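Trainee: When you get a sec, could you give me coordinates for this:
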Amino acid sequence: MLLVARNNILWSIGVFRQHVVKVLFTFVVLFNFNFAFAQENFLLENEKNNIEIYEKTNKSVVNITTRGVQVDEFFLLAVPTQGSGSGFVFDKSGHIVTNYHVVENSKEFIVTLYDGEQYSASLVGVDPNNDLAVLRIKAPTEKLFPVKLGSSQGLKVGQKVLAIGNPFGLERTLTTGIISSLGRVLKSESGRLIKGIIQTDAAINPGNSGGPLLSSQGLIIGVNTAIISRVGQNSGIGFVIPINTVKRIVKDLIAYGYVVRPNVGILQVYETGHGLLVAQLEHGGPAERAGIKGPRLIVQRAGQIEYRAIDRSQADLIVSVDGKSFQTLDELLEYIESKKPGAVINIEVIRANKRFIIPILLGKTQEG
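Mentor: Numbers count the residues shown, from 1 in each chain. Sure, this is the predicted structure:
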């Protein structure tokens, strides 16, 4: 009798324990669910937007590892080099857009996708003038997530931006900020000036070069390219190449491997404040063929000694092109590059105190 009672008591305790465990388990599940639900409810709209953009776009961002050889000028030895930067998937064909300075002087390129898979890449084309380059990988299309292209026209100072990078092969990183300024000018690796640069305070560190700058709609509006810093890290001033420039350049790089630009054949000018004095012409170039005059080289001999002097009084002073005046060669070339090869421009010059309008048929130059 006592044994039966004891067994009944033990059975009751066991049932009670199971009931308590079930209750506790249900409580934990409900608590975690409610906590997660509550935490999501407590997120600010701005935070929700950041999370949404990152989740939609981070698979488009890649890491680029480069290998090359640099010659030590003192010992004349070939020294292996390695670099790292970011880039993004441009299309389902496997084209990857990045900065020129990320791939400069490199021979091997390894692209790491969002899932850690690595692919050897080939160099499609480069444009040092705009610090842009295109690589290509042969990856399954289901692994490629192209960015959604936006527009850099109509941007406003103060609007929110997000920068995603993949520095050093680590997990993609997100930083946020605003557009600090528009229309900045940045000198490229080739020495030419890149116009229309976007300035942002979103943190852009060296490994983030080549990554996308996004709008709050998740559209790419530029390519992160440079920072101003005395220590090599972000200091709140980052520069971004506008996406409208990127689309125009990348189209040529994919199609031809280089950028097709109209060529006027004027290599150097002196800025006088009253116009551009021609200093050097491309021999046989469009400007020289059209009749534009540069400075005259004067050679005189006195015995065994030869004296050379440049007579700039014979050079043409460019005062306008198609009715527009320019103060620098870069402004002139920017206008020229808005035209297509084969177009005709009318250059107004002053020569010997007389004005002439000289039509020039633009040639074609291949850069890259």
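Trainee: Tally up the residues packed near the closest residue to residue 192 other than its chain neighbours, please.
Mentor: Nearest residue to residue 192, sequence neighbours excluded (CB to CB, 6 or more residues apart in numbering): residue 129, at 4.5 Å. Where you see a C-beta, it was placed from the backbone N, CA and C, and this is true even at glycine. Residue 129 sits with 21 neighbouring residues when counted by other CB atoms under 10 Å.
Trainee: Same question for residue 300.
Mentor: With other CB under 10 Å as criterion, residue 300 counts 9.
Trainee: same check, this time on residue 146
Mentor: 16.
Trainee: so where does it fall, helix or strand?
Mentor: For residue 146, there is no helix or strand it lies in under DSSP states H and E.
Trainee: Now do the contacts for it.
Mentor: By CB atoms under 8 Å, 6 or more residues apart in numbering, residue 146 lies in contact with 60, 89, 90, 91, 92.
Trainee: let's see 6 Å
Mentor: Residue 146 makes contact with 89, 90, 91, according to CB atoms under 6 Å, 6 or more residues apart in numbering.
Trainee: pLDDT value on it, please?
Mentor: Listed pLDDT for residue 146 reads 95.
Trainee: again, but for residue 134
Mentor: Residue 134 is given a pLDDT of 96.
Trainee: re earlier: does the residue nearest to residue 192 count as helix, strand or coil?
Mentor: helix (DSSP: H, G, I helix; E, B strand; the rest coil).
Trainee: How much space separates it from residue 194?
Mentor: Residue 129 is 7 Å from residue 194, where distance means CB to CB, to the nearest Å.
Trainee: do the same with residue 244
Mentor: 12 Å.
Trainee: Comparing these two, which residue is more hemmed in?
Mentor: residue 194 (21 against 16).
Trainee: residues in contact with that one?
Mentor: 130, 186, 188.
Trainee: That one: helix or strand, and which one exactly?
Mentor: Residue 194 belongs to strand 193-200, assigned by DSSP H and E.
Trainee: By neighbour count, which bits of that strand are buried? Give me those.
Mentor: By 16 or more other CB atoms under 10 Å, the buried positions in strand 193-200 come out as 193, 194, 196, 197, 198, 199, 200.
Trainee: The third one is in contact with residue 243, isn't it?
Mentor: So the one you mean is residue 196. No: taking contacts as CB atoms under 6 Å, residue 196 lies outside contact range of residue 243: 10.5 Å.
Trainee: Could I get the buried residue list for the lengthiest strand in the chain?
Mentor: As assigned by DSSP state E, the longest strand anywhere in the chain is strand 173-187. Neighbour-count burial for strand 173-187 flags 173, 174, 175, 176, 177, 179, 180, 186 (criterion: 16+ other CB under 10 Å).
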